[in-house]
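J.: based on what follows, work out the 3D shape:
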Amino acid sequence: MAVRCSGDCQLIDATWEKQDFEVELTRQRFSHDDFTISVQRVPARGSYGLRYTVTVQNIVTHCEVTYRGGQRESWVRRFAVDLAEGAFGRSSGTPART
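T.: Next up is the predicted model:
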């Protein structure tokens, strides 16, 4: 099952970041059903291009972290490190459903 997304989801769908996020959940053995993401566009200043925030929440543990997205940002990579370090709780150890 796909992770529930709210807000400007098309911003991360178009760049395949949502898919990369879900792959990381599966790789680290977390259930997709336990996570939600919310995407919010950030007004651009100058020539920075498209910018947005992605708030990831584990709805079971109530852990939530907001990442910056857009040009030169790797929010999925930072999320993967946080997930591995336990910022969202621990994996159940069972394969995640996709």
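J.: contacts only, for Phe88.
T.: By Cβ atoms under 8 Å, 6 or more residues apart in numbering, the contact set of Phe88 is Phe30, Phe35, Val56, Asn58, Thr61, Cys63, Val65, Asp82. Heads up, the C-betas are built off the backbone N, CA and C, glycines and all.
J.: could you dump those residues to CSV with neighbour count and secondary structure?
T.: Formatted as CSV, those follow (neighbours: other Cβ atoms under 10 Å; DSSP: H, G, I helix; E, B strand; the rest coil):
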residue, neighbour count, secondary structure
Phe30, 24, coil
Phe35, 23, strand
Val56, 23, strand
Asn58, 18, strand
Thr61, 13, coil
Cys63, 16, strand
Val65, 16, strand
Asp82, 15, helix
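J.: how about the helices in the protein?
T.: Applying DSSP state H to the chain gives helices spanning 10-13, 17-27, 75-84.
J.: quick one: contacts of stretch 54-70?
T.: 11-12, 17, 21, 30, 34-40, 42, 48-53, 73, 75, 78-79, 82, 87-89.
J.: re earlier: out of the helices of the chain, which is closest to Ala2?
T.: helix 17-27 (6.7 Å; Cβ to Cβ).
J.: still on that earlier bit, just flag the most distant two among the contacts of Phe88.
T.: Those two in the contacts of Phe88 that are separated most widely, counting by Cβ to Cβ, are Phe30 and Val65, at 13.9 Å.
J.: that older thread, can you say which of the contacts of stretch 54-70 are buried?
T.: Among the contacts of stretch 54-70, the ones that count as buried by 16 or more other Cβ atoms under 10 Å are 11-12, 17, 21, 30, 34-39, 51-53, 73, 75, 79, 88.
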